[in-house]
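Student: Kindly return the folded structure for what I paste below:
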Amino acid sequence: MSLPLITLYDVPATIPQPWAPNIWRVRFILNYKRLRHRTVWVEFSDVEATLRTIRAPPTSTRSDGREVYSLPVIIDSLRPTSSPIILSNVNTIAEYLEVTYPARPIFPEGSRAMQSLFVHYIQETFARPLLPILVPLTHQILPERSQAHFRGVSAAAQPVQLTGQQREQAWRAVKEQFDFLAVILDKNSGSDGNGIVAMGHDVTYADFALCSVLIWIERISPHDGWARVRQWNNERWVRLWELCRNYMDVY
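Tutor: Numbers count the residues shown, from 1 in each chain. Okay, the predicted model is just below:
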């Protein structure tokens, strides 16, 4: 009989390692909390059908009432309950894992509100200038079946590559966000903090959200994007990467 574990659903690519930032946030937590888990790979074209089959809750509902299904999703079979727990939405999953498996907390006491604001900033503001750069590159490393899925959705779903000048302008906007965040995190420097992690001392959910974006850059644009980012702000982002390295295993 197989051992109980947590199943994490992720999307495959033609590169060796996974790339999706929201899914990496969950993988970081599973590794950090040392929870036994495995990855199931689902092509984009199969996500909705697969999630409906396992009765995963929709991620959201559109204005027209249509339910939206997206990853990450987990199935938790570790708990001795009558049926597995199935969850979607990265923040819902993070909260569930913290409450259900409180050892090695990702939300130190009293930090939930501030970390939630930090993660919202990372997702909605910090990472936004990366979209016109990385989305077209991400599309290129998807399996052909997934690329065909997006081509079939609509012409607008096919990302457009930036020209050289447009790309440099986009990277300048990205650097502005990195520079701003570096100034904020530097407030943790000094005798009471190292200035690298968001909460000042140990890695937390906020750092996993940020490092998930770094992984996206490194996996999708190693020779251009990551080569730039790793030099910015006195190599601060490489140091954060190294702090999170122990939690990057893929099972």
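
Student: for this structure, what spans make up the helices?
Tutor: For the chain, the helices defined by DSSP state H occupy 21-32, 47-53, 90-100, 112-121, 131-140, 144-153, 164-185, 205-220, 225-229, 236-244.

Student: Show me how this protein divides into domains.
Tutor: 6-100, 112-247 (automatic domain parsing).

Student: Just put the helices of the chain in JSON lines and tack on mean pLDDT, distance to Val11 and mean neighbour count.
Tutor: Where you see a C-beta, it was placed from the backbone N, CA and C, and this is true even at glycine. Below are those laid out as JSON lines (pLDDT from 0 to 100; distance: least, Cβ to Cβ, whole Å; neighbours: other Cβ atoms under 10 Å):
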{"stretch": "helix 21-32", "mean pLDDT": "98", "distance to Val11": "7", "mean neighbour count": "23"}
{"stretch": "helix 47-53", "mean pLDDT": "97", "distance to Val11": "8", "mean neighbour count": "15"}
{"stretch": "helix 90-100", "mean pLDDT": "97", "distance to Val11": "14", "mean neighbour count": "18"}
{"stretch": "helix 112-121", "mean pLDDT": "96", "distance to Val11": "21", "mean neighbour count": "16"}
{"stretch": "helix 131-140", "mean pLDDT": "95", "distance to Val11": "10", "mean neighbour count": "17"}
{"stretch": "helix 144-153", "mean pLDDT": "81", "distance to Val11": "7", "mean neighbour count": "14"}
{"stretch": "helix 164-185", "mean pLDDT": "96", "distance to Val11": "23", "mean neighbour count": "14"}
{"stretch": "helix 205-220", "mean pLDDT": "98", "distance to Val11": "12", "mean neighbour count": "24"}
{"stretch": "helix 225-229", "mean pLDDT": "98", "distance to Val11": "20", "mean neighbour count": "19"}
{"stretch": "helix 236-244", "mean pLDDT": "96", "distance to Val11": "21", "mean neighbour count": "18"}
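
Student: how about the ones you listed in TSV, adding distance to Ser83?
Tutor: Listed next are these as TSV, based on distance: least, Cβ to Cβ, whole Å:
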stretch	distance to Ser83
helix 21-32	20
helix 47-53	15
helix 90-100	15
helix 112-121	28
helix 131-140	35
helix 144-153	31
helix 164-185	42
helix 205-220	27
helix 225-229	42
helix 236-244	33
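
Student: still on that earlier bit, of the domains of the chain, which approaches Ile106 most closely?
Tutor: Shortest distance between Ile106 and the domains of the chain, using Cβ to Cβ, is found for domain 112-247: 4.2 Å.

Student: can you give me how far the closest one is from the chain middle?
Tutor: Its chain's C-alpha centre and that of domain 112-247 lie 9 Å apart, by Cα atoms, centre = their mean, to the nearest Å.

Student: end to end, how far does that domain reach?
Tutor: Distance across domain 112-247, first residue to last, is 21 Å (Cα to Cα, to the nearest Å).
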